[in-house]
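Peer 1: one predicted model, sequence on top.
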Amino acid sequence: MPALMPRPSILSIEPYVGGESKIPGVNRIVKLSSNEGAFGVPPGVQDAYAKLATELHRYPDGGATALREAIGARFGLDPARIVCGNGSDELIGALILSYGGEGTELVMSAHGFVMYDIAGRYAGCQVIKVPERNLTADVDAMLAAVGPRTRLMFLANPNNPTGSILPASEVERLRAGLREDVLLVLDSAYAEYVTRPDYDPGTALVEAGTNTVMTRTFSKVFGLGGVRLGWCYAPPHVADILNRVRGPFNVNAPAMVAGIAALAEPGWVEKSVAHNDEWRTKVSDGLRALGLTVHPSEGNFILADFGTAERARDADAALKVRGLIVRAMGAYSLPQCLRITIGNAEECGMVLDALGAFLRGRDG
């Protein structure tokens, strides 16, 4: 062993593994493993990105002023309380490093987004994973897990990978049950896909107090996973802290022009959400008709339960034979499940055909 060693909590981290994108020996790949938008990159974004090519020698605006103003105008938010980041992952990590650290606790649901756990361990927090109820965050259990050293609580709503959601009333009850010195971070990466009326992505709670932050992303409905662009809406004092600790040019110029163009793309979100509603239902119903359990989802993905880890592995392998890549869920303690992104109509049909053939061949 080398004499130079990191803090012990670092060695407990299992490196994050993104969704697979290649299958050796397969020419046509259909990637449904990372919850990327079904329609790719908006046309206006492609044009704006290309036009910036001759300006790449210039440093970007370190304050992301135009982008923050565009976000504020789109969602009715105060730009001064918006902080942009290199994906929402950067902002999640910065919040944990700023308000957590050695001797503190971070509370999350058992099947919450794995980056909370990774960033929490990196900061030296003790990460407490709270059992869920029917793959949905349990507000009472989350509150019961809070101790005197708790400083952070993370809630993905809708949650990735389960797709479950808490109504605004339950999130409000969660916030009301926390001490004032506990920061509640509401990760609303999939907010645009939610159409139910009893949902709030976190705006109301951020504006109502001093201890709630909402994080958002351009990686999903806006189709910009490759440029890494996220943002958060925070109380002024939290935004001030994030602006102190983030890199001076943490968001690059192409990402900023892409984000502004994506926000302005006519009808893009509406088209994407309508497609997602239609095909999430069709894929879910189709898989249920094949005898699988499909958990209700409010995101652009579904969680299919194959009953056993072995059956899920075999199904994953059968999909890969046809060039279909979905996401195995062992890292989320759900080895019996596969998470399947809702792709375009052809891709969704391919998934149903492939799993139908697999299940008939295995169980018929």
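Peer 2: Yep, it's here. The structure displayed is predicted, hence computed values, not measured ones.
Peer 1: where do the helices sit along the stretch 251-364 of the chain?
Peer 2: Remark: helices assigned in the stretch 251-364 of the chain by DSSP state H, counting those that start in this stretch are 253-264, 268-289, 309-321, 345-363.
Peer 1: adding distance to residue 204, write these out as JSON lines.
Peer 2: For every residue, glycine as well, the C-beta is placed using N, CA and C. Below are the helices of the stretch 251-364 of the chain laid out as JSON lines (distance: least, CB to CB, whole Å):
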{"stretch": "helix 253-264", "distance to residue 204": "21"}
{"stretch": "helix 268-289", "distance to residue 204": "21"}
{"stretch": "helix 309-321", "distance to residue 204": "38"}
{"stretch": "helix 345-363", "distance to residue 204": "34"}
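Peer 1: deepest-packed of the ones you listed, please.
Peer 2: helix 253-264 (a mean of 22; mean count of other CB atoms under 10 Å).
Peer 1: and it, what does it pack against?
Peer 2: helix 43-51, helix 65-75 (3 or more CB pairs under 8 Å, 6 or more residues apart in numbering; DSSP states H and E).
Peer 1: right, and the helix or strand after the last one?
Peer 2: This means helix 65-75. Scanning forward in sequence from helix 65-75 by DSSP states H and E, the next helix or strand is strand 82-85.
Peer 1: next secondary structure after that next one?
Peer 2: That would be, after strand 82-85 and using DSSP H and E, helix 87-99.
Peer 1: can you give the distance of that following helix from its chain's centre?
Peer 2: 14 Å (CA atoms, centre = their mean, to the nearest Å).
Peer 1: output that helix as PDB, restricted to C-alpha atoms.
Peer 2: The C-alpha trace of helix 87-99 is given here as PDB (Å, rounded to 0.1, in the frame of the first residue of the first chain):
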ATOM      1  CA  GLY A  87     -24.700  19.200 -14.800                       C
ATOM      2  CA  SER A  88     -26.800  19.200 -11.600                       C
ATOM      3  CA  ASP A  89     -24.200  16.600 -10.300                       C
ATOM      4  CA  GLU A  90     -21.800  19.500  -9.700                       C
ATOM      5  CA  LEU A  91     -24.300  21.400  -7.700                       C
ATOM      6  CA  ILE A  92     -25.300  18.400  -5.700                       C
ATOM      7  CA  GLY A  93     -21.600  17.800  -4.800                       C
ATOM      8  CA  ALA A  94     -21.000  21.500  -4.000                       C
ATOM      9  CA  LEU A  95     -24.000  21.600  -1.600                       C
ATOM     10  CA  ILE A  96     -22.800  18.500   0.200                       C
ATOM     11  CA  LEU A  97     -19.300  19.800   0.500                       C
ATOM     12  CA  SER A  98     -20.600  23.200   1.700                       C
ATOM     13  CA  TYR A  99     -23.100  22.000   4.300                       C
END
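Peer 1: just the helices in the stretch 51-200 of the chain please.
Peer 2: 65-75, 87-99, 114-123, 139-144, 168-176.
Peer 1: tell me which of these lies nearest to residue 313.
Peer 2: The closest of those to residue 313 is helix 114-123. By CB to CB, the value is 19.5 Å.
Peer 1: helices or strands up against the closest one?
Peer 2: Packed next to helix 114-123, using 3+ CB pairs under 8 Å, 6+ apart, are helix 8-11, helix 87-99, strand 105-109, strand 126-130.
Peer 1: where does the prediction get shaky in the stretch 251-364 of the chain?
Peer 2: The stretch 251-364 of the chain contains residues with pLDDT under 70 at 362-364.
Peer 1: switch to 50 and redo it
Peer 2: 364 (pLDDT under 50).
Peer 1: what's the neighbour count on the nearest residue to residue 146 once chain neighbours are set aside?
Peer 2: Once flanking residues are discounted, residue 146 sits nearest to residue 107: 6.1 Å by CB to CB, 6 or more residues apart in numbering. Residues contacting residue 107 under the criterion other CB atoms under 10 Å number 29.
Peer 1: residue contacts, residue 43?
Peer 2: Contact partners of residue 43, counting by CB atoms under 8 Å, 6 or more residues apart in numbering, are residue 265.
Peer 1: what about 10 Å?
Peer 2: Residue 43 is in contact with 261, 265, 266, 268, counting by CB atoms under 10 Å, 6 or more residues apart in numbering.
Peer 1: what count of nearby residues applies to the nearest residue to the second one once chain neighbours are set aside?
Peer 2: Once its chain neighbours are removed from consideration, residue 265 has its nearest residue in residue 42; the separation is 4.0 Å (CB to CB, 6+ apart). Using other CB under 10 Å as the criterion, residue 42 is surrounded by 24 other residues.
Peer 1: go ahead and confirm residue 42 touches residue 260.
Peer 2: No - with contacts counted by CB atoms under 10 Å, residue 42 stays clear of residue 260, the gap being 11.3 Å.
Peer 1: what do these two both touch?
Peer 2: In contact with both residue 42 and residue 260: residue 48, using CB under 10 Å, 6+ apart.
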